[in-house]
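1. okay, predicted coordinates and the sequence, questions at the end:
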Amino acid sequence: MHDSSLDATSGRHETPSEKSDRQWTDILQELRVMQTGVQLIAGFLLTLPFQARFGELDLLGVNLYLGTMMLAGLTIVFMLIPVALHREFFGRHLKYQLVDSGHLILRVVLWLVGLLMASAICLVFYVVAGPQAALAIAAVTLGGLLVALLLYPWWRLKRAESSERALEDR
């Protein structure tokens, strides 16, 4: 039997080490969820220059493509950082620092994935429907990202904190 204490906020019986292990597993699972989407978008982007219509793109379209491709590469690089950290921290009893760093990187990756998705959608609209449609869809997608990645989580956190305070006041 191991010594585990009850965490008052989560109601779990786990040591600090077990908590860090669980949190690290959560971070890796979240990265796995995003990884497939990033790989699909990057693979799609890699095939575009070999398509017949790619040569018809104007300078703005080519720059939009190159920017989107660079964003895909940057996203992949950031997704590798937690793995690199794990390799460096391995066996050094620094799991809390690993989890803390992984959490911060995951927040950046979340935004990069959202921006990559918006950029890829914008590129498709640019090619299919023209620059005005691309600009409109970019604005809508970026607005959706702000709501989905910033406003909604903030609102849900405030509601959860309010509910917790109401329960404590009873």
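-> Noted; the coordinates are in hand. Numbers count the residues shown, from 1 in each chain.

2. quick check: which ranges of this structure have low pLDDT?
-> Along the chain, the model assigns pLDDT under 70 to residues 1-11.

3. what is whichever helix in it runs longest packed up against?
-> Counting by DSSP state H, the longest helix found in the chain is helix 95-129. Contacts defined by 3 or more C-beta pairs under 8 Å, 6 or more residues apart in numbering; DSSP states H and E place helix 95-129 against helix 16-47, helix 59-89, helix 131-146. (C-beta placed from N, C-alpha, C; glycine too.)

4. closest to Leu157 out of those helices?
-> helix 131-146 (15.8 Å; C-beta to C-beta).

5. please tell me how far the closest one is from the chain's geometric centre.
-> Relative to its chain's centre, helix 131-146 lies at 19 Å (C-alpha atoms, centre = their mean, to the nearest Å).

6. would you mind measuring from the closest residue in space to Ile41 that isn't next to it in sequence to Glu88?
-> Using C-beta to C-beta, 6 or more residues apart in numbering and skipping residues adjacent in sequence, the residue nearest Ile41 is Ala120, 5.1 Å away. For Ala120, the distance to Glu88 equals 32 Å [C-beta to C-beta, to the nearest Å].
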